[in-house]
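Visitor: Mind folding the following:
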Amino acid sequence: MIRKFNCSKVLFAIFIMLWYVGVYAVNTKIGIVNTDKILRESEPAVIAQLKIEQEFFPRDEQIKKMAARAKELQAQLEKKSASMSEADRRDMERILANLSREFQRAKRQLREDLSVRQNEEFGIILEHTNEVIKRIAETEKYDLILQLQDSVYRSERIDITEQVLKALEGRIRQPATSK
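Guide: So this is what the prediction gives:
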């Protein structure tokens, strides 16, 4: 009889816990945000990308000119190497090697600077995005908003990315700190 009583207590406790979890789960409001999409498609992200492209355009053009000059020197060297003196050929090869090193250095530096600049801008956008998400969560009483990762399935009902994108439209961006 005691065993029957203990089993009944355990079953009753399990039933109460399952009921409580079920009731709580029904009242839980969850949202998902695709931050990759926000960093690609939001108005601040598009503006930031255009700003960065304009900022780095002169350096990119310089690198393209260096590449064209190296190609031109290489063609001259191949074309005229048979008729050149040994000293002239070595001088042209040295110039070409120096230009090639300078080109590689400039290209690497551009990539690094571009990456730093993009991270700065995307950091600002993510800060604004987090503020918008927090405001949406508070006004619409969300219990949990997750950043979308590789999910197998998600209901469009819980995806609030479009809502965040609309809230970010026209939002004034703070300028990044200059170096």
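
Visitor: Tell me the spacing between residue 148 and residue 82.
Guide: The spacing between residue 148 and residue 82, counted by Cβ to Cβ, to the nearest Å, is 62 Å. Every C-beta, even on glycine, is put in place using the N, C-alpha and C of the backbone.

Visitor: Name the residue in the two with the higher neighbour count.
Guide: More crowded of residue 148 and residue 82, by other Cβ atoms under 10 Å: residue 148, with 16 against 7.

Visitor: Pull the contacting residues for the more buried one.
Guide: Going by Cβ atoms under 8 Å, 6 or more residues apart in numbering, residue 148 touches 32, 33, 34, 35, 36, 154, 159, 161.

Visitor: What about those, which are in strands?
Guide: The strands, defined by DSSP state E, take in 32, 33 from the contacts of residue 148.

Visitor: Just put the contacts of residue 148 in JSON lines and tack on distance to residue 75, pLDDT and neighbour count.
Guide: Listed next are the contacts of residue 148 as JSON lines, based on distance: Cβ to Cβ, whole Å; pLDDT from 0 to 100; neighbours: other Cβ atoms under 10 Å:
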{"residue": "32", "distance to residue 75": "55", "pLDDT": "89", "neighbour count": "19"}
{"residue": "33", "distance to residue 75": "52", "pLDDT": "90", "neighbour count": "24"}
{"residue": "34", "distance to residue 75": "48", "pLDDT": "89", "neighbour count": "20"}
{"residue": "35", "distance to residue 75": "47", "pLDDT": "88", "neighbour count": "19"}
{"residue": "36", "distance to residue 75": "43", "pLDDT": "88", "neighbour count": "12"}
{"residue": "154", "distance to residue 75": "55", "pLDDT": "71", "neighbour count": "13"}
{"residue": "159", "distance to residue 75": "55", "pLDDT": "85", "neighbour count": "16"}
{"residue": "161", "distance to residue 75": "51", "pLDDT": "87", "neighbour count": "20"}
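
Visitor: now the contacts of residue 148 as CSV including distance to residue 168?
Guide: Shown next, in CSV, are these (distance: Cβ to Cβ, whole Å):
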residue, distance to residue 168
32, 17
33, 11
34, 13
35, 12
36, 14
154, 21
159, 15
161, 11
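
Visitor: Tell me the one among the contacts of residue 148 nearest to residue 131.
Guide: Of all the contacts of residue 148, residue 131 sits closest to residue 33, with 12.7 Å by Cβ to Cβ.
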